[in-house]
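> What shape does this take:
(one chain, ligands or ions: 2)
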Amino acid sequence: MIEDAVSKVILTEEEIFEINKKLGAKITEDYKGKNLLMVSILKGSSLFMSDLMRNIKLPCSVDFMEVSSYSGLTNNGGNVKIIKDLNIDIKDYDVLIVEDILESGYTLECVMKMLGSRNPKSIKICTMVDKPQKRKVEMKADYVGKEIGDEFVIGYGMDYNEKYRNLPFIGIINPKYI
Ligand code: IMP
Ligand code: MG
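Ligands and ions are numbered 1, 2, ... in the order given. Presented below is the predicted three-dimensional model:
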């Protein structure tokens, strides 16, 4: 069973549902009158993006970007590559980057630098999971679903070696599966 890959549940489906409602309400409030563009960082934020956007009660645009910094392993060496760039010119937009998890900060540092240089009206970060203890560069998310310790988690879009993204909840990976 796929669930066996998790040794401890960090966020249940119900908790994720509530977090999305709360974050969506806050973002709706903060972006009234703005030109919101939600930018999903693939592949990890795909489930979060689709749930979060349904909780934002404003007209908003969406786009997708894929970057890679991992090669199936559980640590980040800090080499970030752009695999798929945005289609939209972000110049007139208030960009909200949607991430699954913020760890070392290398990924978002690179993405922020790249998107920032395209002169958007504003740029902010929303992450479902934050691991502040694992930070290697200064990076702070504006919206955070849940802060956790330094465990490696899977599910709700997050993978280990390209598997387990389809788990509907978030949990710590069972060491037997590493
Ligand atoms: P960072 O560059 O170290 O901040 O890591 C960002 C990316 O690494 C995230 O968007 C995830 O795709 C991946 N990542 C970091 N920690 C985990 C984890 O615990 N489980 C799965 N993926 C992770
Ligand atoms: Mg990611």
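> quick one: strands adjacent to whichever strand or helix holds Val39?
Secondary-structure assignment from DSSP states H and E places Val39 in strand 36-42. Strand 36-42 has the following strand partners under DSSP bridges: strand 61-68 (parallel), strand 94-102 (parallel).
> following that strand, which helix or strand comes up?
Next along the chain after strand 36-42, taking DSSP H and E as the criterion, comes helix 46-53.
> Contacts for that following helix, please.
If you take Cβ atoms under 8 Å, 6 or more residues apart in numbering as the criterion, helix 46-53 is touched by 16-17, 20, 23-24, 27, 38, 40, 60, 62, 98-100, 126, 128, 145, 156-157, 165. Quick note: C-beta positions are derived from backbone N, CA and C, even for glycine.
> you'd agree Ile56 is up against Glu29?
No: with contacts counted by Cβ atoms under 8 Å, Ile56 stays clear of Glu29, the gap being 10.2 Å.
> In terms of neighbours, single out the busier of those two.
Using other Cβ atoms under 10 Å, the more surrounded residue of Ile56 and Glu29 is Ile56, with 19 against 10.
> Just to be sure, that one is in a helix?
No: Ile56 is assigned coil when assessed by DSSP: H, G, I helix; E, B strand; the rest coil, not a helix.
> where does it land on pLDDT?
On pLDDT, Ile56 comes in at 98.
> contacting residues for it?
Counted by Cβ under 8 Å, 6+ apart, Ile56 has contacts 24, 27-28, 31, 36, 38.
> Give the buried subset of the residues you listed as a ChimeraX selection command.
Of the contacts of Ile56, the buried ones can be selected in ChimeraX as follows, counting by 16 or more other Cβ atoms under 10 Å:
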select :24,27,31,36,38
